[in-house]
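Novice: how would this look folded up:
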Amino acid sequence: MTTTNDTEKERGIFQPASFFKEQQKLDTTRLQAMKERSQKLVLLRTVSFLAMIFAFAAGYDGQRLFAVLGFLLLTAFVLLVRRHQRLERERLLCLSHQACVKANLDRLSNKWMEAEDDGRDFLCEELPQGADLPIFGHASLYQYLCRARTKDGRARLAALLSPYPGPAQEMAARQQAVKELASQPEKALDLLALNGLLPFSYDAAAFCDAMARRREPMHPAGKAISYLLPFLSFGSLIAALLGEITYTIPGLLFLAQFLLALLTLRRHSSLLDPLCRLPQDLAIYQTIFARVSAAEVTSSRLRELQAILRKGGGAAEGLAALAAVAGKASMRRNAFILLIANTLFLWDFHCTDSFLNWQRRYGTSLRGWFKTWAELEALLSLAVPAWTRTHCCWPVFLGGQPSLIASGATPLLIREENAVPNDAAFAAGTSIITGSNMSGKTTYMRTLATSAILAYAGAPVCASSFSLTPMAVYTSIHVSDDPAKGISTFYAEVLRIKQMVEACRQGQPLFLCIDEIFKGTNSADRITGAEETLRHLTQPWCITLVTTHDFELCDLTSPNHLPIHNYHFEEHYENGQIHFDFQLRTGRCHTTNARYLLKMAGILP
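Specialist: Now for the predicted structure:
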């Protein structure tokens, strides 16, 4: 990772707080300067307008020089208005940049949990890992990461945060793309600031459908008439003005143009009306596409995306051409102008011809351009941990038998200064994790599972080092009943475990996390069921982590040559207070704290 700070560059360390606070100061300075410039422009605009009125008044009284001055002041007024409009656009972009900076600063505290988009609309019964880890919902991976604004971008990020890894080559290519984006935080912030100007969950699907819908090209005769008839009409009008012919001929020709435009009005309207409703947000996309197309990129994935935006004349050029066509078509909104323009120039014919030409060249590419930006939104979101954590690394993908090795792993969703690092070295087999309540068992499992999902997505993980083989992540952590379906908590957990067993039978590499196995039933059935389940799940293609309060499971023997290890977390007491160090240790736990917690709650004497 790189920063703008030379000292930090020399050390190779990125300091999130100092970088974003500096960006925040720069934005504040820019906004103050823009405010002062805006006040000056408003003053100049007002003065030029008033002076223009007096100049025209003097010109009306016969002072020709004042009339000329009035036109000059009118020109100055128009230019000042346009400059003020550009300044307002710059101000809105700066405010968006400021919001992006604040969002990253919020990730250094728990304020990120107040973010608007937590991805809860991606929660579904078919993906229980989404709530278990949590991937989606309040205080989730998605909420921490998401910088996407478009509907497609949000969906793409959700798809990448999958517990089911794709091909290793694809994951490695995506990681290189995220790594390259993460190394350029200033440029990434500029893109995200532009993206922040789009409406939340912006959906361009209907617009893409309308622009790509196949239409018959304009008939050559109609195209010829659209040029020939106005030429003849104006030619005859000039001849009439010169006294060569009567005004009847140009009158009849202009009438013919009016009738022809009236007869084809419905067809032209069906083609051009979507252009009259052209989204104003396309100007934002045009700027984004221009910047992405012009950027120097090295990773193969970013080059592929850039190639899509450059193909066939380029996305930025295509949207600029579409905006030009839409500018012509927008005149149709005014019925009077539509009548005059068609009577004089057969305006609808020329607009339709321009649009059909654009559609033949760019129409089928439009959807691909928007999908490309959605992919980039997701990749930029995945780079967020690299900008908000000093303690992170880029995972290494291993081959061979299931393996997960980590050094100093911490949970992304806990503030960095409060997170306790732990190591991991798991291969195929089962690990029984015991420990007192609140000692850190579930958090440890979630840390490893979420880190695996981040790695598969292409993001950095919070660890000194992290390497793993591709494995599907299955969880049984946050299990609840469903009275509407007649499903108890215990049976809901049984269904989760059944999913794991079925996946295990298929022989696919698995990373299984089971919290408090079968906690919804009596101890005798729980132990019996847990023992039998773990014999099924202790396979050469599975890494199985199980937390439990049942020490009997610590004596479980392996049904094959694979190991069953014991690990634990523990607590200690000082001055009548309970303390946890949240450190994983080998072996079984020999302490409990339930009685102490009950005393603290005033339930036990």
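
Novice: Pop the domain breakdown of the protein in here.
Specialist: Per the record, the chain has its domains at 1-106, 205-380, 389-600, by automatic domain parsing.

Novice: Under a three-state scheme, what state does residue 518 occupy?
Specialist: Under DSSP: H, G, I helix; E, B strand; the rest coil, the three-state class of residue 518 is coil.

Novice: State the distance from it to residue 440.
Specialist: Computed as C-beta to C-beta, to the nearest Å, the residue 518 to residue 440 distance reads 21 Å. Bear in mind the C-beta positions are built from the backbone N, C-alpha and C, glycine included.

Novice: now residue 376
Specialist: Here residue 376 is placed at a distance of 37 Å from residue 440 (C-beta to C-beta).

Novice: the more surrounded of those two?
Specialist: Ranked by neighbour count (other C-beta atoms under 10 Å), residue 376 and residue 440 place residue 376 first, with 25 against 22.

Novice: you'd agree the more buried one is up against residue 293?
Specialist: No - counting by C-beta atoms under 8 Å, residue 376 sits too far from residue 293 to count as a contact (11.7 Å).

Novice: So for stretch 166-178, what gets flagged as buried?
Specialist: Buried residues in stretch 166-178, defined by neighbour count with 16 or more other C-beta atoms under 10 Å: 171-178.

Novice: Quick check: buried residues in stretch 200-214?
Specialist: Buried positions in stretch 200-214, judged by neighbour count with 16+ other C-beta under 10 Å: 202, 204, 207-208, 211.

Novice: on that earlier part again, I'd like the buried residues of stretch 166-178 as CSV, with pLDDT, secondary structure and distance to residue 70 appended.
Specialist: Shown next, in CSV, are those (pLDDT from 0 to 100; DSSP: H, G, I helix; E, B strand; the rest coil; distance: C-beta to C-beta, whole Å):
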residue, pLDDT, secondary structure, distance to residue 70
171, 96, helix, 67
172, 96, helix, 67
173, 97, helix, 63
174, 97, helix, 62
175, 97, helix, 64
176, 97, helix, 62
177, 98, helix, 57
178, 98, helix, 59
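
Novice: Once you drop chain neighbours, what's closest to the spatially most central residue of the chain?
Specialist: Centroid check for the chain by C-alpha atoms, centre = their mean gives residue 148 as the closest residue, at 2.1 Å. With sequence-adjacent residues excluded and distances taken as C-beta to C-beta, 6 or more residues apart in numbering, residue 148 is closest to residue 377, at 3.9 Å.

Novice: Tell me how far the one you found lies from residue 544.
Specialist: 36 Å.

Novice: What of residue 181?
Specialist: 35 Å.

Novice: Please apply the same query to residue 426.
Specialist: Residue 426 is 9 Å from residue 544, where distance means C-beta to C-beta.

Novice: the more surrounded of these two?
Specialist: Remark: of residue 426 and residue 544, residue 544 carries more neighbours, 27 against 20, as counted by other C-beta under 10 Å.

Novice: and the more buried one, that's in a strand?
Specialist: Yes - under three-state DSSP, residue 544 sits within a strand.

Novice: Do you know the pLDDT at residue 2?
Specialist: Note on residue 2: pLDDT of 37.

Novice: what's the answer for residue 370, then?
Specialist: 95.

Novice: element containing it?
Specialist: According to DSSP states H and E, residue 370 maps onto helix 366-382.

Novice: Check residue 232 too.
Specialist: Residue 232 is part of helix 220-241 when elements are defined by DSSP H and E.

Novice: where does the stretch 1-150 of the chain have low pLDDT?
Specialist: Along the stretch 1-150 of the chain, segments meeting pLDDT under 70 span 1-13.

Novice: swap in the stretch 151-300 of the chain?
Specialist: Applying pLDDT under 70 to the stretch 151-300 of the chain flags no residue at all.

Novice: got the residue ranges for the strands in it?
Specialist: Assigned by DSSP state E, counting those that start in this stretch, the strands in the stretch 151-300 of the chain number zero.

Novice: The nearest residue to residue 120 once chain neighbours are set aside: neighbour count?
Specialist: With C-beta to C-beta, 6+ apart as the criterion, residue 120 has its nearest non-adjacent residue at 4.8 Å, and that residue is residue 137. The tally of other residues near residue 137 (other C-beta under 10 Å) stands at 18.

Novice: and residue 137, what is it in contact with?
Specialist: 118-120, 123, 130-131, 143 (C-beta atoms under 8 Å, 6 or more residues apart in numbering).

Novice: So which of those residues is the closest to residue 362?
Specialist: residue 119 (32.7 Å; C-beta to C-beta).

Novice: Who's the closest spatial neighbour of the closest one, skipping the chain neighbours?
Specialist: Closest residue to residue 119 apart from its sequence neighbours, by C-beta to C-beta, 6+ apart: residue 142 at 3.4 Å.

Novice: For the one you found, identify the helix or strand it belongs to.
Specialist: Taking DSSP H and E as the criterion, residue 142 maps to helix 141-145.

Novice: outside of that helix, which residues touch it?
Specialist: Contact with helix 141-145 is made by 107, 112-113, 115, 117-119, 122, 133-137, 157-158, 161, 381-382, 384-385, 412-413, 450, 453-454, 459, as judged by C-beta under 8 Å, 6+ apart.

Novice: Quick check: buried residues in stretch 53-71?
Specialist: Of all the residues in stretch 53-71, those buried under the rule 16+ other C-beta under 10 Å are 55-56, 58-59, 66-67, 69-70.

Novice: what does stretch 36-49 give?
Specialist: 41, 45, 48.

Novice: quick one: the first one and residue 91, what's the gap?
Specialist: Computed with C-beta to C-beta, the distance linking residue 41 and residue 91 is 12 Å.

Novice: cool, and the second one?
Specialist: When C-beta to C-beta is applied, the distance between residue 45 and residue 91 equals 16 Å.

Novice: next one: the last one
Specialist: Between residue 48 and residue 91 the distance, using C-beta to C-beta, works out to 21 Å.

Novice: For burial, what's the neighbour tally of residue 371?
Specialist: The number of residues near residue 371, taken as other C-beta under 10 Å, comes to 18.

Novice: ugh, typo on my part, it should be residue 25
Specialist: Close neighbours of residue 25, defined as other C-beta under 10 Å, add up to 11.

Novice: Identify the residues contacting the closest residue to residue 193 other than its chain neighbours.
Specialist: Spatial nearest neighbour of residue 193, chain neighbours left out: residue 97 (3.7 Å); criterion: C-beta to C-beta, 6+ apart. Residues near residue 97 by C-beta under 8 Å, 6+ apart: 23, 27, 189-190, 193, 196.
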